[in-house]
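In: below is the structure, and that's it, no one-letter string:
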């Protein structure tokens, strides 16, 4: 008699019923998969016929001896390998239970898709159908999450054995990954594609679905604070149309737990020491697109501070002195944040005396009857600590000495928290590593030793860019630059740049060694060539080039620290200037040669160019020696959030060359972090230049190119060079008969020439506004600002008659006596011989000197910095609230460039 045992057997044994139940569970597809993978057969389908009814005699149930074992159907596995997964051996005995156990063992190996054991009176045949081998794994439909994000979650891999349980596990991990991204409607449907040689491709068809938003946040139990106040403390925000940049509107269980902590912190900072969150429930709507979050809270009673004191076991810190220094006072409302700050303050105070691991523990005594919270800050005894060593990890390019020289502590020094914080700020100011780098304090080899460990993550410090863009100042701009701020990993800066626009061209190169010969002294140099065209406006959108300036020169720089915060910078520069005018536009032929542009015959005509412009032309050599005294106490030089700086700079010209002056500039700034990402800053600058050369009665002793100019971008709300002294030429207007009736008040018809000034001041106030994580990732940084400034102090330009130019021209039409000859037109000249005057008209202009006043100009507005895909973009919208006659105002300014 031949007996066949299969996985589908459901006869008399309870063990087989259990196996059948396990198999039916394996037929279920992974979460969100409605179809069976191609090639898999559900349990109970296409199975061999069940065992025949058990015979009534007891011989079948008796123990039998295995006479032979044959393995049939295996392709990759040897027969002996298949047998190693069972306890069946030739010559051994077996029963129905033994065959059931062998069946379970073979399925448990997950190597087989189907197994049968056929019994022919001791001759056993094991028929197997092996699970296929995975050829490849394909992801389809994933757009929000890229393959490189999903594949680490997939544990199956090519050349592994396919099993349903592993597929279900991988699907569950992918779905969990999407849920962490807020996509709870995501569906993953696994499919199998059969190949030859018992191979399969696994295809995960992903329907990502919409991002699940938080539709509503309900708070139950709050009476002191409104729902809006509490929602404002949460990182999770209700989905609204105006929060399209915010990532906080998506549901995140971790963020929800964080919000509970934020609510608790909020209440604790307002004195509600018994506050607790009773429950927090997030309900998914039926369409799986929105969540409704509900918090049930108990506010409790509000507490005051009771007795507050310090008990110190440290010999250098007295309990009475520390108690007097506390900012907490009896009777104030209890504030948990103030308690945390006090613990930090006491730790820092202990650290200043060398106690790196001082243990400060607040001991709370709550009196519910009087609703007071008494606190005793206990400082346990600890040894004074010394720096055992400084470890720097993670720097692959930057040399160790570049980081070590920024430490204000050396190995063997007494520990000091202030010096550790200062070292941390200096390392962050390098700009070579990740933001918010921290110097960690770890126990050393003994209890009086500390190890300062700095784990750095290097970021790119080199920039190679080709860019093109459009500026409201210079129209089209082309630029190429190479900058390496950490050249050779030694902290050196090397830079070169070439810029080209419609009105300026420049090339410059520079190098800075911050620690010359490993000494705390910086050396550097710059060389440059600049071709700049100045211009004036003769209509709203049009302008003339008034003069061209070519500057070629170099500068040598040196810097040495005087104290930790005070430094001295020295510099020497030599510049060759050549200012020229268009001879065809601004020159008049005085020799009568009739050859326009002949330098030997032409002279600059103040009627065309103005006296100030005629005085500026020529070649000059400027030799300057200068210094800067800088006091800087920022937390970060590159992007400060707190701290201040003050600097005084002076440049002396006259050590050789033919230009002599002294230029002085005083500047200062200060930054305050206001909390929650808001940063407020104020800055100011005042400048003055005094010439040691005498000017003429009609011109200022300070050259046009050496004066101060003010406008966009220094003071927003005004056009480029839109503030300060200027000459405005207003054309005369005439009636129908050609008679002058007045000057034009239409600014589009004016000629506007900015002259600059010898004195200027400038002030800024700005508040940087934080946005959500999504907007920060996009590089958006909005701010509101107020700018104020002025430039003045120029000698009033005059013409030959001692005043400004007021010129009226008479244009005559002369008719020749020979009627066949054409009419002749003359400008401010009588009709020539042989003609008679047939008509005339008048024209001309009048000059006005305006803007020379120290009266402040004020503008307010808002702007946005954006690291766009097209390059850095800045737009400002500013309204000039205070301005003087002649100032050029401007509402919107922007600058954008693109890299390619």
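Out: Nice, I can see it. Being a predicted model, the structure only gives us computed values, none of them experimental.

In: where does the stretch 751-900 of the chain have low pLDDT?
Out: Counting by pLDDT under 70, the ranges of the stretch 751-900 of the chain that qualify are 772-778, 798-803, 867-872, 895-900.

In: in it, which spans are helices?
Out: 773-777 (DSSP state H, counting those that start in this stretch).

In: hey, where'd the strands end up in it?
Out: 751-754, 759-768, 780-792, 806-816, 824-827, 835-850, 857-868, 871-882, 892-899 (DSSP state E, counting those that start in this stretch).

In: what's the closest of these to residue 663?
Out: With distances scored as CB to CB, the stretch of those nearest to residue 663 is strand 759-768 (10.9 Å). Every residue, glycine included, has its C-beta placed from N, CA and C.

In: can you name every helix or strand that that closest one contacts?
Out: Applying 3 or more CB pairs under 8 Å, 6 or more residues apart in numbering; DSSP states H and E, one finds that strand 759-768 contacts strand 678-691, strand 780-792.

In: mind listing what's buried in the last one?
Out: Applying a neighbour-count criterion of 16 or more other CB atoms under 10 Å, the buried positions in strand 780-792 are 780, 781, 783, 785, 786, 787, 788, 789, 790, 791, 792.

In: pick the one among those closest to residue 361.
Out: residue 781 (40.7 Å).

In: quickly list what the closest one is bridged to.
Out: For residue 781, the beta-bridge assignment (DSSP bridges) gives partners residue 865.

In: same question for residue 530.
Out: Assigned bridge partners for residue 530, using DSSP bridges, are residue 506, residue 551.

In: the strands of the stretch 751-900 of the chain: which one's closest to residue 318?
Out: Using CB to CB, the nearest of the strands of the stretch 751-900 of the chain to residue 318 is strand 759-768, at 42.2 Å.

In: which residues are in contact with that closest one?
Out: 677-689, 708, 710, 714-715, 724, 781-793, 854 (CB atoms under 8 Å, 6 or more residues apart in numbering).

In: among the helices and strands packed on strand 759-768, which comes closest to residue 316?
Out: It's strand 678-691; of the helices and strands packed on strand 759-768, that one is closest to residue 316 (CB to CB) at 36.5 Å.

In: circling back: now tabulate the helices and strands packed on strand 759-768 in TSV and tack on distance to residue 188.
Out: Formatted as TSV, the helices and strands packed on strand 759-768 follow (distance: least, CB to CB, whole Å):
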stretch	distance to residue 188
strand 678-691	42
strand 780-792	34
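
In: and residue 421, which of the ones you listed is closest to it?
Out: Comparing the helices and strands packed on strand 759-768 by CB to CB, strand 678-691 comes nearest, at 19.0 Å.

In: can you lay out the strands of the stretch 751-900 of the chain as CSV showing distance to residue 451?
Out: Converted to CSV, the strands of the stretch 751-900 of the chain look like this (distance: least, CB to CB, whole Å):
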stretch, distance to residue 451
strand 751-754, 60
strand 759-768, 37
strand 780-792, 37
strand 806-816, 81
strand 824-827, 88
strand 835-850, 67
strand 857-868, 38
strand 871-882, 41
strand 892-899, 43
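
In: deepest in the core, which of these is it.
Out: Of all the strands of the stretch 751-900 of the chain, strand 751-754 carries the top mean neighbour count, a mean of 23, counting by mean count of other CB atoms under 10 Å.

In: which strands and helices lie in contact with that one?
Out: Using 3+ CB pairs under 8 Å, 6+ apart: strand 751-754 touches strand 522-537, strand 726-734.

In: reformat the ones you listed as JSON lines; add mean neighbour count and mean pLDDT.
Out: JSON lines is the format used below for the helices and strands packed on strand 751-754 (neighbours: other CB atoms under 10 Å; pLDDT from 0 to 100):
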{"stretch": "strand 522-537", "mean neighbour count": "17", "mean pLDDT": "80"}
{"stretch": "strand 726-734", "mean neighbour count": "19", "mean pLDDT": "86"}
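
In: now the ones you listed as CSV including distance to residue 448?
Out: Output for the helices and strands packed on strand 751-754, formatted as CSV (distance: least, CB to CB, whole Å):
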stretch, distance to residue 448
strand 522-537, 37
strand 726-734, 70
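
In: to residue 651, which of those lies closest?
Out: Using CB to CB, the helices and strands packed on strand 751-754 put strand 522-537 closest to residue 651, at 14.4 Å.

In: neighbouring contacts of the closest one?
Out: Strand 522-537 is contacted from outside by 493, 503-516, 543-560, 750-754, 888, using CB under 8 Å, 6+ apart.

In: ok, residue 334 - contacts?
Out: By CB under 8 Å, 6+ apart, the contact set of residue 334 is 268, 271, 273, 302, 303, 304, 305, 373.

In: measure it to residue 266 for me?
Out: 13 Å (CB to CB, to the nearest Å).

In: same check on residue 505?
Out: Distance from residue 505 to residue 266, by CB to CB: 57 Å.

In: ditto for residue 851
Out: 53 Å.

In: for residue 251, same thing?
Out: 21 Å.

In: so where is the stretch 551-700 of the chain shaky, pLDDT-wise?
Out: In the stretch 551-700 of the chain (pLDDT under 70), the answer is 582, 584-586, 588-602, 605-613, 615, 695-698.

In: again, only using 50
Out: Across the stretch 551-700 of the chain, residues meeting the criterion (pLDDT under 50) sit at 591-598, 600.

In: so which residues of it form helices?
Out: Using DSSP H, counting those that start in this stretch, helices in the stretch 551-700 of the chain cover 583-586, 606-609, 611-616.

In: picking up where we left off before, got a markdown table for the buried residues of strand 780-792, with distance to residue 863 too?
Out: Listed next are the buried residues of strand 780-792 as a markdown table, based on distance: CB to CB, whole Å:
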| residue | distance to residue 863 |
| --- | --- |
| 780 | 11 |
| 781 | 9 |
| 783 | 6 |
| 785 | 7 |
| 786 | 12 |
| 787 | 11 |
| 788 | 16 |
| 789 | 17 |
| 790 | 22 |
| 791 | 22 |
| 792 | 27 |
